[in-house]
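Participant: okay, here's the prediction I keep looking at, along with the sequence it came from:
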Amino acid sequence: MTPFGEKLRKMRQERGISQKEMAKALNVSPAYLSALEHGHRSPPSWSMIQKIIGYFNVIWDDAEELQRLAETSNPRVVVDTAGLPPQATELANLLALHIRKLSLSEIEMLLAHLQALIQRSER
């Protein structure tokens, strides 16, 4: 499951809406919606995100969160390290090789550390 799929499912279930009902309202198949929630599809297009935002009638922070989650929810990530130092390639490969062996708490720790580094570098 992707972060976007998890949020989408949570929003749908909190409102007591079935996948079939939501799919019909968005003019997509229930199979597509299921695959989106389970992370078996690429993130939705900008127009689909807008339809989902409109469907749930969310504004501001919730809409921005859905957009941000969609951007970070590609289940098949490709990391291009061409032109970067060898350590960047090593990091990308180590993560690719070992991510399935990490516990959820270890993944959360690495994610929090990386997010903090990114925030620091953006200042």
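Facilitator: Cool, the structure landed. Since the model is a prediction, treat every value here as computed from it, not as a measurement.
Participant: can you list the domain ranges for the protein.
Facilitator: Domain assignment of the chain by automatic domain parsing yields the ranges 3-71, 86-121.
Participant: so which of those domains is nearest residue 77?
Facilitator: Residue 77 lies closest to domain 86-121 among the domains of the chain, at 8.4 Å (CB to CB). Where C-beta positions appear, they are placed from N, C-alpha and C, glycine not excepted.
Participant: what average pLDDT does the closest one get?
Facilitator: Summarised as a single mean, pLDDT over domain 86-121 is 94.
Participant: kindly report the same for stretch 35-53.
Facilitator: So the average pLDDT for stretch 35-53 ends up being 91.
Participant: first-to-last residue distance for it?
Facilitator: 18 Å (CA to CA, to the nearest Å).
Participant: contacts for it, please.
Facilitator: For stretch 35-53, contacts defined as CB atoms under 8 Å, 6 or more residues apart in numbering pick out 1-2, 4-6, 8-9, 12, 19, 26, 28, 32, 62-63, 66-67, 70-71, 73-76.
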